[in-house]
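Colleague: Predicted model and sequence follow; I will ask about them next.
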Number of protein chains: 2
Amino acid sequence: MNVIRNILNSRSEKDGSFFSSIQRVIGFKPKNIKHYERAFIHRSLNKKDKEGNDLNYERLEFLGDAMLGSVIAAYLFNKVPGGNEGYLTKMRSKVVSRKHLNELGKDLYLIRFVESNIPSEQFGVNIHGNLFESLIGAIYLDRGYKYCEKFIQQRVIEPYVDIEQLEGKVISYKSLFIEWCQKAKKDFSYEVYEDTGKDEIKHFAVKLWVGENVVAKARATSKKKAEEKASKRAYYAFQRIIDKA
Amino acid sequence: MNVIRNILNSRSEKDGSFFSSIQRVIGFKPKNIKHYERAFIHRSLNKKDKEGNDLNYERLEFLGDAMLGSVIAAYLFNKVPGGNEGYLTKMRSKVVSRKHLNELGKDLYLIRFVESNIPSEQFGVNIHGNLFESLIGAIYLDRGYKYCEKFIQQRVIEPYVDIEQLEGKVISYKSLFIEWCQKAKKDFSYEVYEDTGKDEIKHFAVKLWVGENVVAKARATSKKKAEEKASKRAYYAFQRIIDKA
């Protein structure tokens, strides 16, 4: 049953709106959709190209992993001018950790595109991260390094990479923010609601109230993330006000 | 004495022709020479920038290593369409091995540019490879990914990366070629001579004679490499003739 469901799911994605779904995920128009199709072919299908080479996403994982590594390296190099080689290496391995990549792949719900003939329960825990890497590999083949950079900037760095959090200095902006409100004796509340909009992936939006005012808004794929994002925005906004005072 | 010699050497390089020496090494005009200067500042000088951050080549090593990794990954991906993820990973680690990078750095004689205040004997065995990486990092900062690709293509891939040799299928083209000559009962000889030309680095040229004809020529930084290169050229030239026959 699962097998059939997987095949049906992926077929309808392909026939209907694979192109536009991929476009929404990557944020720009694919030039050659073939690369993206390959990025979701599971080895269980045992597909081969004309030359008899394996046709699945595993080689693209290798490529995407390499591109991710160099884009993140350049980002950290510029972002932390005081960090030495050891620091940069450690920070990069945190950003590209298996756990982190799985989270990214899951948030983009990439598994919906997979073509396979085994049930999705048998995919293994790292499928999400693997698909995320293979998608980056496909972007590189389709549009080159610049577009990889753009995608990684939008999908990895902006929403997820927080130097202070990675360094372990700040565990949670939400707790930091709550602490600040309690000290300052301010009332606050997080107003959370589902806001999926045009996305296929479920999204949550949050308004962060302090007294009568909304001090920050945010949107993410889980309640927790949306709250954290809004807290971070509020934290930095207040930081600026305090710095100016 | 060594300390003074190092400082004098590097100073005269800087004042005189650092720019043009770097240009010869990288094969194009630097836009901002500062990046390349930094690529050769040894930590022993204890230099700092205006913000108090360490100013030496170690951060550039991190950056260059990442760029090298992704350029080689893309090269192998395209070059070996039948290689799976494990194969590609293994081949890449061979190309970017410490031993290999040291060889590359040594061939370009990068150590002549180093500014340090310890004697060069104390640099450690991996200095050549480290400088090679930091140079790639500087190219990335100065001219971006495309130029890194170009440099790595010219300086790493074309002269050094031979898939068959890396796979261990062909250990030496010279021995393969000699074997072929002996079987075919052909006289052959390697005519080697120094040919430094406009380069600052010592070069050797070789003519490979079979009977009355020069069947291949090559040029490299050691006799052994030049002979190997010429043998490889002759080998592939004959291969084509045999294939056509």
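Modeller: Done, it's in.
Colleague: hey, where'd the helices end up in chain A?
Modeller: Using DSSP state H, the helices assigned to chain A run over residues A:2-12, A:18-26, A:33-38, A:58-79, A:85-95, A:98-107, A:127-143, A:145-152, A:158-160, A:163-166, A:173-183, A:223-244.
Colleague: Now the weakest link among the ones you listed, please, by mean pLDDT.
Modeller: Out of these, helix A:2-12 stands lowest, with a mean of 46 (criterion: mean pLDDT).
Colleague: Make CSV out of the helices of chain A and add distance to B:Met67 and mean neighbour count.
Modeller: Where C-beta positions appear, they are placed from N, C-alpha and C, glycine not excepted. Putting the helices of chain A into CSV (distance: least, CB to CB, whole Å; neighbours: other CB atoms under 10 Å in any protein chain shown) gives the following:
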stretch, distance to B:Met67, mean neighbour count
helix A:2-12, 36, 14
helix A:18-26, 23, 17
helix A:33-38, 22, 18
helix A:58-79, 5, 23
helix A:85-95, 13, 17
helix A:98-107, 21, 18
helix A:127-143, 14, 25
helix A:145-152, 10, 20
helix A:158-160, 22, 13
helix A:163-166, 21, 14
helix A:173-183, 33, 15
helix A:223-244, 31, 16
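Colleague: Select, out of these, the one closest to chain B.
Modeller: Closest approach to chain B among the helices of chain A (CB to the nearest CB): helix A:58-79, 3.4 Å.
Colleague: From the chain's centre, how far out is that closest one? Work that out for me.
Modeller: Centroid displacement of helix A:58-79 relative to its chain, using CA atoms, centre = their mean, to the nearest Å, is 14 Å.
Colleague: elements contacting that helix?
Modeller: On a contact count with 3 or more CB pairs under 8 Å, 6 or more residues apart in numbering or on different chains; DSSP states H and E, helix A:58-79 meets helix A:85-95, helix A:127-143, helix A:145-152, helix B:58-79, helix B:85-95.
Colleague: Tabulate the ones you listed in JSON lines, adding columns for distance to B:Arg233.
Modeller: Listed next are the helices and strands packed on helix A:58-79 as JSON lines, based on distance: least, CB to CB, whole Å:
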{"stretch": "helix A:85-95", "distance to B:Arg233": "39"}
{"stretch": "helix A:127-143", "distance to B:Arg233": "31"}
{"stretch": "helix A:145-152", "distance to B:Arg233": "32"}
{"stretch": "helix B:58-79", "distance to B:Arg233": "19"}
{"stretch": "helix B:85-95", "distance to B:Arg233": "21"}
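Colleague: Could you report the neighbour count for A:Pro81?
Modeller: The local packing of A:Pro81 (other CB atoms under 10 Å in any protein chain shown) involves 11 other residues.
Colleague: Can you list phi and psi of it for me?
Modeller: phi -60, psi -20 (degrees, to the nearest 10).
Colleague: Okay, it and B:Ala234: tell me how far apart.
Modeller: As defined by CB to CB, to the nearest Å, A:Pro81 lies at a distance of 51 Å from B:Ala234.
Colleague: Before I go, just wanted to say thanks for your time.
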